[in-house]
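1. 3D, please:
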Amino acid sequence: MSRPKILRRNFVKKTGQFTLAASAASASSMPSSAKTVTIGNSTETRHVDVLVAGGGFAGVMAAIGARQYDHQVVLIEPHNVLGGQGVAGGVAGFCGDTARVNRPFAELISTLSNYNLIAPYNPNSDRRPYDLEGCAFFLQELVLAKGIYPFLHAQVIDARTDLDGRVCDVLAVAPGKRILYRPKMVIDATGDCFLAHAAGLQTMHEGKNAQLPMSLYFTLWDTGGAVKPFLPQNCPSWEHDEELPMTTLHEFSSGKIEVKMKVIGFDSVDGESLSKAEMHARRQMMGLIYYLQTHGYRGKLYDRYALASVSRQIGIRGSRRIIGEHVLREEELKERTRFNDIVAVGTYHIDYHWPDRLERAGTGITTPLDPYAIPLRSLIAKGSQNLLVAGRCASADQMAMSSMRVMATCAQMGFAAGKAAVQCLDEGLPLSDVSVQKIQTALTNDGQSLNLSQYGEYLKEQRESVQNAK
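-> You can find the predicted model right below:
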C-alpha cells in the first residue's frame, strides 16, 4: 500500500553526491596516491509546468493534451523509444476502437495508413496490427511536431508529497544526469504507478501469480529453406500442443510471424522478479521455437522459420494501480454506469488471463462489453491536488482494468489527464476544484467523443453473437 512521506532532509540527502571513502582498515593496502572516489552526479533542479512520467500511449497523449504554447511539458521515458507496451513490449497491434479516439491519435493512424504501416480498420476485429518500428518512428515525430521533446533513457526513482497533498519533488535519473523536478502538475503514466507509489500515495497490487500474466513477444521469419533446430541447455521441452505455454501466432504474407507467449510467476514492480522474468521468458522462448520447428503447432510445421527479433522488454498486462477518488468496478462496466465526470470511453471486452496457469486452458474470461464510461475521478490519486494517473495504472479493480488497459483506451485516459492539467495551470486550481464540463468541452473539441452511442460499431457482432447464444 502507501509509503511514508519523505522528509525534505532525507530526500535532499538522496539527491546529492555520495562519497565512498576508504576505511582505515584498508588504507594501508591502498597506494599513497589513492583518493576518495565520488559516486554519482550532482543534482540539477528544474522547474516545470507538467511532468509526465512514462512514454507509452497514455503518457504521449497526456503530454500532447497538456501542451500549450506557454506550458513547459516534460515527458520522460526509460526506454529508447516512445510507445510503451505497444513498441518496447512488442505488442504491435491496437486493441480498442481506433476509429474514434482523439485528434492526435487520428493523426498517427492517418500517417501509418499513408505508408501502409497499419491494417485497415475492421470494427469486427478486436486487434488492428501495425508495423512496430514504423509506429515507434512516427509516434516520435508526432510528439516532436507538437513541441514536446521526449527525454528518453530517463526514469523516476523517487518523489515527495508536501503537507498540502501536492507532489512537489520528483527525482529522475538518466545516463550522466540526476534531475530534481519541481513540477506544478504531475501525470503518472508509468503503467506501474512508480511515481505515485514513490510519492507515498495509496495503491493496490495483487503480486505474482495473482496479477495478470506477462507475455513475451518475438518474431520469426521464413528463411526459404529448412533450418537446423537446436534446444539449448536449461530450456524447456514439450511433446504436445496442449502442454505449451499459451501461444498466439500472427502470420503475415511477407513471411513474418509475430509470436505472443505467456509467462507466469513473476511480479513486474519488483525489479529482481522482473529481471528473472526476462531471463526465464527467453529460455521458454527457445524451447517454444524448437517445438514449432520440430513438432509444429495446430497441424502446421514451422521448420523453415528462424528467430529474427525479440521485444525490447517483456510485455506487462497489469500490476500496481492507483487508489483514486473513484475505483472503477467490473460491475460498473457491465452495467454501463453513467458518470457525470466521464472523460474517456472503454470499448474492449474483459480480457482476464489466468494468472497462475501457463497453458491456454480456454484463455480466461473474455466477456463482451458495451461501450462504457471512465470518470475523471478514476484518474485522480486519492487525496492529491496535482497528481493524475493514466493508462493501466488508473484506479480500477483488476477485472475492469483487464478491459481498460488497451492502447486506444489508454490514449483517451492520457489525453483527458493532460486536459485536466491544463485547466489546473490556466486557472490556478487544485484537482479538487476543476470544472469537469470545461475538460469535457476541451476533449470533444479535440475529437475525443464522450457519447457512448458513437462507439457501438466496434465489436458489435461479437456482442450480438454472445447475446443470441443466451
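2. OK, contacts around residue 425?
-> 49, 50, 68, 71, 184, 185 (CB atoms under 8 Å, 6 or more residues apart in numbering). The C-beta positions use only the backbone N, C-alpha and C, and glycine is treated the same way.
3. now the third one: closest residue in space that isn't a chain neighbour?
-> So the one you mean is residue 68. Spatial nearest neighbour of residue 68, excluding adjacent residues (CB to CB, 6 or more residues apart in numbering): residue 422 at 6.1 Å.
4. so for the one helix or strand that neighbour maps to, mean pLDDT?
-> Remark: residue 422 resides in helix 407-427, with elements defined by DSSP states H and E. Averaged across helix 407-427, the pLDDT comes to 98.
5. output the contacting helices and strands for whichever helix or strand comes after it.
-> For helix 407-427, the following helix or strand on the C-terminal side (DSSP H and E) is helix 436-445. With contacts taken as 3 or more CB pairs under 8 Å, 6 or more residues apart in numbering; DSSP states H and E, helix 436-445 sits against strand 342-346, helix 407-427.
6. in the protein, which residue is most central in space?
-> Taking CA atoms, centre = their mean, the centroid of the chain lies closest to residue 191, which sits 4.2 Å from it.
7. next up, the contacts around the residue nearest to residue 401 when sequence neighbours are not counted.
-> Spatial nearest neighbour of residue 401, excluding adjacent residues (CB to CB, 6+ apart): residue 318 at 5.6 Å. Counting by CB under 8 Å, 6+ apart, residue 318 touches 211, 212, 392, 398, 401, 402, 405.
8. I figured the first one was touching residue 353, is that so?
-> Think residue 211. No: counting by CB atoms under 8 Å, residue 353 is not a contact partner of residue 211; they are 10.3 Å apart.
9. which neighbours do these two have in common?
-> residue 317.
10. hmm, back to that, tell me what angle the helix holding residue 422 forms with strand 342-346.
-> 170 degrees (axes from the mean of the first three to the mean of the last three CA atoms, to 10 degrees).
11. which residues of the chain fall in helices?
-> 8-15, 24-27, 57-66, 103-114, 132-145, 194-198, 271-294, 330-334, 398-404, 407-427, 436-445, 460-469 (DSSP state H).
12. how about those in JSON lines, adding distance to residue 314?
-> Shown next, in JSON lines, are those (distance: least, CB to CB, whole Å):
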{"stretch": "helix 8-15", "distance to residue 314": "29"}
{"stretch": "helix 24-27", "distance to residue 314": "41"}
{"stretch": "helix 57-66", "distance to residue 314": "18"}
{"stretch": "helix 103-114", "distance to residue 314": "25"}
{"stretch": "helix 132-145", "distance to residue 314": "15"}
{"stretch": "helix 194-198", "distance to residue 314": "16"}
{"stretch": "helix 271-294", "distance to residue 314": "5"}
{"stretch": "helix 330-334", "distance to residue 314": "26"}
{"stretch": "helix 398-404", "distance to residue 314": "18"}
{"stretch": "helix 407-427", "distance to residue 314": "17"}
{"stretch": "helix 436-445", "distance to residue 314": "33"}
{"stretch": "helix 460-469", "distance to residue 314": "28"}
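13. please identify the deepest-packed of those helices.
-> helix 57-66 (a mean of 32; mean count of other CB atoms under 10 Å).
14. report the helix or strand with the lowest average pLDDT across this structure.
-> The least trusted helix or strand in the chain, going by mean pLDDT, DSSP states H and E, turns out to be strand 18-20, with a mean of 31.
15. check what pLDDT the nearest residue to residue 151 once chain neighbours are set aside gets.
-> Closest residue to residue 151 apart from its sequence neighbours, by CB to CB, 6+ apart: residue 76 at 4.6 Å. Confidence at residue 76, expressed as pLDDT, is 98.
16. distance of residue 76 relative to residue 152?
-> Separation of residue 76 from residue 152 (CB to CB, to the nearest Å): 8 Å.
17. what sits in contact with each of those two?
-> In contact with both residue 76 and residue 152: residue 55, using CB under 8 Å, 6+ apart.
18. which one's more surrounded, those two?
-> The neighbour count for residue 76 versus residue 152, taken as other CB atoms under 10 Å, is higher for residue 76 (26 against 16).
19. show me what contacts that one?
-> Contacts for residue 76 (CB under 8 Å, 6+ apart) come out as 51, 52, 53, 54, 55, 150, 151, 154, 155, 156, 172, 174.
20. which one (most neighbours) among the residues you listed?
-> Counting by other CB under 10 Å, top hit in those: residue 52 with 38 neighbours.
21. which residues touch it?
-> Residue 52 sits next to 59, 62, 63, 66, 73, 74, 75, 76, 187, 189, 418 when contact means CB under 8 Å, 6+ apart.
22. mind running it again at 10 Å?
-> For residue 52, the contact set (CB atoms under 10 Å, 6 or more residues apart in numbering) comprises 58-67, 73-77, 148, 150-151, 183, 185-190, 195, 388, 390, 414, 417-418, 421.
23. and residue 459, by the same measure?
-> 96-97, 123-126, 347-349, 368-371, 465.
24. next: residue 251.
-> Residue 251 neighbours (CB under 10 Å, 6+ apart): 220, 222, 257, 258, 259, 300, 302, 305.
25. 7 Å instead, please
-> Residue 251 sits next to residue 257 when contact means CB atoms under 7 Å, 6 or more residues apart in numbering.
26. repeat that for residue 139.
-> Neighbours of residue 139 in contact, by CB under 7 Å, 6+ apart: 60, 82, 83, 108.
27. what is the neighbour count of the nearest residue to residue 286 once chain neighbours are set aside?
-> Among residues not flanking residue 286 along the chain, residue 235 sits closest, at 4.4 Å (CB to CB, 6+ apart). Residue 235 has 16 neighbours, counted by other CB under 10 Å.
28. domains of this protein?
-> 45-208+320-470, 214-310 (automatic domain parsing).
29. quick one: low-confidence parts of this structure?
-> 1-41, 361-363 (pLDDT under 70).
30. since that was my last question, I'll sign off now.
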